[in-house]
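Novice: Need the 3D shape of this:
(2 chains)
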Amino acid sequence: MVSSHLKRRLKYLRLALVEHYRIINANPLSRFGFWVIVVFTLVALFAPLIAPYDPWEMVYDSEGNFAALQPPSWEFPMGTTHLGYDLFSQLVLATRTTLLIGATSGLISIIIGANIGLIAGYYGGKLDEVLMRLTDILYGMPFLPFIIVLIALFGRKLEFVILAIVLIIWRTSARVIRAQTISIKQRQFIAMAKARGASDFRIIYKHILPNVLPLLLLYAAFNIAWSIITEASASFLGFGDGETISWGGMLYELWLSGKTRVAWWWFASPSVCIILLVTSLVFVSRAYEEVANPRLRKR
Amino acid sequence: MAATTEPVLSIRNLGVAYETSQGPVHAVSDVSFDVGADEVFGIAGESGCGKSTLIRSLLRLLPNNGTMTAERCTYKGRDLMAMSDEAFRSTIQWQEISLVPQSAMASFNPVYRVGDQIIESMRAHRRMGRAEAWERAAGLFDVVGLQADLLRNYPHEFSGGMRQRAMIAMALSLDPGLIIMDEPTTGLDVLVQERILRRIREIRAEIHSAIILITHDIAVIAEMSDRIAIMYGGEIMELAPSVDLFENPHHPYTLGLENAFPSIRNVGKDLISIPGSPPTLVGPVESCPFEPRCPFRIDGCAAANPAVVDVGDGHQVRCLQTGDVARMRTLAREKSTWRS
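Specialist: Coordinates of the predicted model:
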């Protein structure tokens, strides 16, 4: 019995995955975005195996010369910095940081935002008032300065960067999910769940949550994209974790070196990566948006 | 067998008021009745007469601006008014009082299979295993005349009649003492309606639940109920055993209602409607709610809300002119009487 139950669960899981793949595969842009994300994820997972050097290791070319500020070549495919660091290795290892920060703060913020939205929307009244005024206050905060102040306050460490991003980025998802919750809680099947003696907890998480799921996935993707941009911006301004390399951090080092006008290859690769990853996330979320908002669908 | 004589549900002077910007709206006032075990108690009335509010208050599903008051409201001797929401939810709701809602179409959560929704309440309230609950759900589907393998389907794959039957199966799932059916056949075509009503009648023989049947369809209620309450303006105007109500109606509103329904015995006869529209119910109840539309009104009708009069055999009427019923019945058949 247990094994047949498990088998059925696995079958549902497989069906769900097929369904997600179908959503993504439905248009060429989201398909492209999906594979870009897959490649970046693989790079992040196997970064230490892929990167030929340490990010802050001075490198020498095959003739034994110190390789400082080299443009891209066969030996150093993305060139080197003025201190002779290999940019390819930096980029690969930075992918790991960027994805880690993006995924963690994106996911934590959607969890916080979804819960606040569900609770405010479902209970309404004073609780809703308090939570939504809190959201309004956060909306009043200028985005990047707020994060910079927080990081300056907490310290330049990876976990604090994540915390700072999470603290502000949940606001949009909370608002949107609250609105959707209010619309769903008025539907008949919620009244019916109440009549069946379902607790508030069960109504919120078992009956409302699955109905806001498409929207939630959409905002999860947005939050991840925004976290990546924010982390890059903060790092570029010197408010990243000094111990780990990130794409924004690479641009920061370029800025500090003063070689901005000379070393085009130095800013090219991290910038392209940021743009590529963020647009890919937007493309994929766009596919989910079509599910959440049928008006966008092609007629 | 004391249990069969003791009422399942006993209500005295139940009232529901909604707080609105125009002041309190008395959607239900001064409602009293008992529902016996195994009894089908019908409540009939036009839209806005308070019948849905009444059952919502019994199930504690009133919106936040609604408050319920009652001198007495007991279920099998247990005082429902004194019970906390949490106690009500964990002991009474669905396990003892279940609901077949007005629109079964929208009453299933679209993201879950019908079967999963039926076993959800069984597992939550009775701590049943999944397999056991599923088996019971299959049995219930058999009772309402649906194939057990339909349990694996989603609500959108069901037709209207199937969904309504699935709802009835769901309402039966915990062997409740009382099932409230709120317009169970509204919105279904007559054939499906007939099939569902037949099914409900068959189920009655198998289960031991009392049923409160709410409808605006006099024909349905006449066919199904043991006793009928006619509601108007939030109050019960007349309450009587079904046969008695139709053979021996007392209240002018009931007389008007019976005129307004087609009868198979008088084919071709013009239907007579009651002129005017239902009251708004804003403000305190100070007169008979039917007074403005009543062709038999006398001076006392507007002065105070008439008390309930017992005219024998448990036949209750809220009217001042119960003594003059023979004249009213003759006049009520004339179309000219109902012209305001």
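
Novice: which parts of the helix or strand of chain A with the lowest mean pLDDT are buried?
Specialist: Ranked by mean pLDDT, DSSP states H and E, the weakest helix or strand in chain A is helix A:2-25, scoring a mean of 83. Using 16 or more other C-beta atoms under 10 Å in any protein chain shown as the test for burial, helix A:2-25 gives A:23-24. Where you see a C-beta, it was placed from the backbone N, CA and C, and this is true even at glycine.

Novice: same question, stretch A:216-223
Specialist: In stretch A:216-223, counting by 16+ other C-beta under 10 Å, buried: A:216-223.

Novice: Show me what from chain A comes close to chain B.
Specialist: A:1, A:5, A:124-125, A:187-189, A:191-199, A:202, A:206-207, A:210-211 (C-beta under 8 Å from any C-beta of the partner chain).

Novice: ok, 10 Å please
Specialist: Counting by C-beta under 10 Å from any C-beta of the partner chain, chain A comes close to chain B at A:1-2, A:4-5, A:8, A:124-125, A:184, A:187-200, A:202, A:206-211, A:213.

Novice: circling back to that earlier point, can you state the direction angle for the next helix-or-strand element following the least confident helix or strand of chain A and helix A:2-25?
Specialist: Downstream of helix A:2-25, the next assigned helix or strand under DSSP states H and E is helix A:28-45. Interaxial angle of helix A:28-45 relative to helix A:2-25 (axes from the mean of the first three to the mean of the last three C-alpha atoms, to 10 degrees): 120 degrees.

Novice: Next, the buried residues of whatever helix or strand comes next after helix A:28-45.
Specialist: Next along the chain after helix A:28-45, taking DSSP H and E as the criterion, comes helix A:47-50. The neighbour-count check on helix A:47-50 (16+ other C-beta under 10 Å) flags A:47, A:50 as buried.

Novice: So for helix A:47-50, mean pLDDT?
Specialist: Throughout helix A:47-50, pLDDT has a mean value of 90.

Novice: Show me what whichever helix or strand comes after that helix packs onto, helices and strands only.
Specialist: The helix or strand immediately downstream of helix A:47-50 is helix A:87-123, counting by DSSP H and E. Judged by 3 or more C-beta pairs under 10 Å, 6 or more residues apart in numbering or on different chains; DSSP states H and E, the packing partners of helix A:87-123 are helix A:28-45, helix A:47-50, helix A:125-140, helix A:158-185, helix A:200-202, helix A:209-236, helix A:247-257, helix A:264-292.

Novice: picking that back up, may I see the ChimeraX selection of the buried members of the residues of chain A next to chain B?
Specialist: Buried residues among the residues of chain A next to chain B (16+ other C-beta under 10 Å), as a ChimeraX selection:
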select /A:184,187,188,189,190,191,192,193,194,195,196,197,198,202,206,207,208,209,211
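
Novice: Give the burial count for residue B:119, as a bare number.
Specialist: Applying other C-beta atoms under 10 Å in any protein chain shown, we find 24 residues neighbouring residue B:119.

Novice: my guess is it contacts residue B:134, does it?
Specialist: Yes. Assessed by C-beta atoms under 10 Å, residue B:119 is found in contact with residue B:134 at 5.8 Å.

Novice: intersection of neighbour lists for these two?
Specialist: Taking C-beta atoms under 10 Å, 6 or more residues apart in numbering or on different chains as the criterion, residue B:119 and residue B:134 both touch B:128, B:151.

Novice: Quick one: low-confidence residue ranges for the stretch 151-299 of chain A.
Specialist: A:294-299 (pLDDT under 70).

Novice: let's go with 50 and repeat that
Specialist: Applying pLDDT under 50 to the stretch 151-299 of chain A flags residues A:299.

Novice: picking that back up, show me what the least confident helix or strand of chain A is in contact with.
Specialist: Helix A:2-25 is contacted by residues A:30-31, A:33-35, A:37, A:214, A:217, A:283-284, A:287-288, A:290-291, B:130-131, B:152 when judged by C-beta under 10 Å, 6+ apart.

Novice: and residue A:129, how many neighbours?
Specialist: Residues within reach of residue A:129, counting by other C-beta under 10 Å, total 11.

Novice: What distance do you get for it to chain B?
Specialist: 14 Å (C-beta to the nearest C-beta, to the nearest Å).

Novice: Correct me if wrong: that residue contacts residue A:178.
Specialist: No. Between residue A:129 and residue A:178 there is no contact under C-beta under 10 Å: 11.7 Å.

Novice: who touches both of these two?
Specialist: residue A:120.

Novice: which SSE is the residue in chain B sticking out farthest from the centre in?
Specialist: The outermost residue of chain B relative to its centre, with distances by C-alpha atoms, centre = their mean, is residue B:131 at 34.6 Å. For residue B:131, the element it lies in under DSSP H and E is helix B:130-143.

Novice: Tell me the buried residues in that helix?
Specialist: Buried residues in helix B:130-143, defined by neighbour count with 16+ other C-beta under 10 Å: B:133-134, B:136-138, B:140-141, B:143.

Novice: Nearest residue to the middle of chain A?
Specialist: Nearest to the geometric centre of chain A sits residue A:224, at 1.7 Å (C-alpha atoms, centre = their mean).

Novice: and the gap between the residue lying closest to that one once chain neighbours are set aside and residue A:46?
Specialist: Spatial nearest neighbour of residue A:224, chain neighbours left out: residue A:106 (3.2 Å); criterion: C-beta to C-beta, 6 or more residues apart in numbering or on different chains. Separation of residue A:106 from residue A:46 (C-beta to C-beta, to the nearest Å) stands at 22 Å.

Novice: Looking at those two, which is more packed in?
Specialist: Between residue A:106 and residue A:46, counted using other C-beta under 10 Å, the more crowded position is residue A:106 (26 against 12).

Novice: wouldn't that one be in contact with residue A:216 here?
Specialist: No. In this structure, residue A:106 is not within contact of residue A:216 by C-beta under 10 Å, at 12.0 Å.

Novice: Over to residue B:214. Which of the three states is it?
Specialist: strand (DSSP: H, G, I helix; E, B strand; the rest coil).

Novice: hey, what's it bridged with?
Specialist: residue B:43, residue B:182 (DSSP bridges).

Novice: Return the residues in contact with it.
Specialist: Contact analysis of residue B:214 by C-beta under 10 Å, 6+ apart lists B:41-45, B:51-52, B:54-55, B:100, B:102, B:180-184, B:186, B:221, B:229, B:231.

Novice: Pull out the buried residues from these.
Specialist: Looks like these have B:41-45, B:51-52, B:54-55, B:100, B:102, B:180-184, B:186, B:221, B:229, B:231 buried, using 16+ other C-beta under 10 Å.

Novice: Mind checking which of those residues land in strands?
Specialist: Counting by DSSP state E, the part of these found in strands is B:41-44, B:100, B:180-182, B:229, B:231.

Novice: Please identify which of the residues you listed is nearest to residue B:211.
Specialist: residue B:181 (6.2 Å; C-beta to C-beta).

Novice: Might one say that the closest one is in contact with residue B:101?
Specialist: Yes. Counting by C-beta under 10 Å, residue B:181 does reach residue B:101; the two are 8.8 Å apart.

Novice: distance between stretch A:126-139 and the chain's centre?
Specialist: Relative to its chain's centre, stretch A:126-139 lies at 24 Å (C-alpha atoms, centre = their mean, to the nearest Å).

Novice: tell me which residues in that stretch are buried?
Specialist: Within stretch A:126-139, the residues that count as buried by 16+ other C-beta under 10 Å are A:128, A:131-132, A:135, A:138.

Novice: Kindly report the same for stretch B:19-28.
Specialist: In terms of neighbour count (16+ other C-beta under 10 Å), stretch B:19-28 has its buried residues at B:25-28.

Novice: Between the residues you listed, which sits nearest chain A?
Specialist: residue B:27 (16.8 Å; C-beta to the nearest C-beta).

Novice: how close does the nearest residue in space to that closest one that is not next to it in sequence get to chain A?
Specialist: Spatial nearest neighbour of residue B:27, excluding adjacent residues (C-beta to C-beta, 6+ apart): residue B:53 at 4.2 Å. Per C-beta to the nearest C-beta, residue B:53 is found 13 Å from chain A.
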